[in-house]
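**Q** just coords:
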């Protein structure tokens, strides 16, 4: 959903209420765990955010608190949604000339132990989203070298007619979010 003024919390809540029980807007639900489907542009960003168990604990906390959306041009509604399967959120994006409301449902969560510890989740788009596809956020702690990494991976294509018309702008926005989310995660790990 697009709007030319900043949506109020009440407007976002009403929009989410309409979207909450709808099916995903794409057929390949959960594919970010395995083989990526063809026909989708890929957005992949990975950055080392530090070392050691304290950094990994702060990174997990940052994911649980949606720090990757703490940007000047995005916000999450509701902001304190737990990272749990089936939770529904709305990503609110300020594009400068308009706003978009992008509903998503968490598909799965990750918490893996071993030589590489992983924590994160993936969510998929609902019909009111401007795109269709899936996005995964993960932090990893590699015990072999003690490094901690943040990774964003998504496959998504335009869904709304305005996103289809403005596809080059959509790709730029995806890339911008990837880079900005890296910065937000680094900031969250350093300040916590």
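**A** Here it is on my side, so go on. Since this is a predicted model, take the numbers as computed values, not measurements.
**Q** what sits against residue 110?
**A** With contacts defined as C-beta atoms under 8 Å, 6 or more residues apart in numbering, residue 110 is in contact with 118-121, 138. All C-beta spots, glycine's among them, are computed from the backbone N, C-alpha and C.
**Q** mind checking the SS state of it?
**A** Using DSSP: H, G, I helix; E, B strand; the rest coil, the structure places residue 110 in strand.
**Q** can you read off the pLDDT for it?
**A** Predicted confidence (pLDDT) for residue 110: 97.
**Q** so how far is residue 46 from it?
**A** Here the distance between residue 110 and residue 46 works out to 15 Å (C-beta to C-beta, to the nearest Å).
**Q** swap in residue 146?
**A** The span separating residue 146 from residue 46 equals 17 Å under the rule C-beta to C-beta.
**Q** still on that earlier bit, now, which of the contacts of residue 110 sits nearest residue 24?
**A** For residue 24, the nearest member of the contacts of residue 110 is residue 121. The distance, counting by C-beta to C-beta, is 15.0 Å.
**Q** mind jotting down where the helices sit in the chain?
**A** Counting by DSSP state H, residue ranges of the helices within the chain are 9-19, 52-64, 161-165, 167-191.
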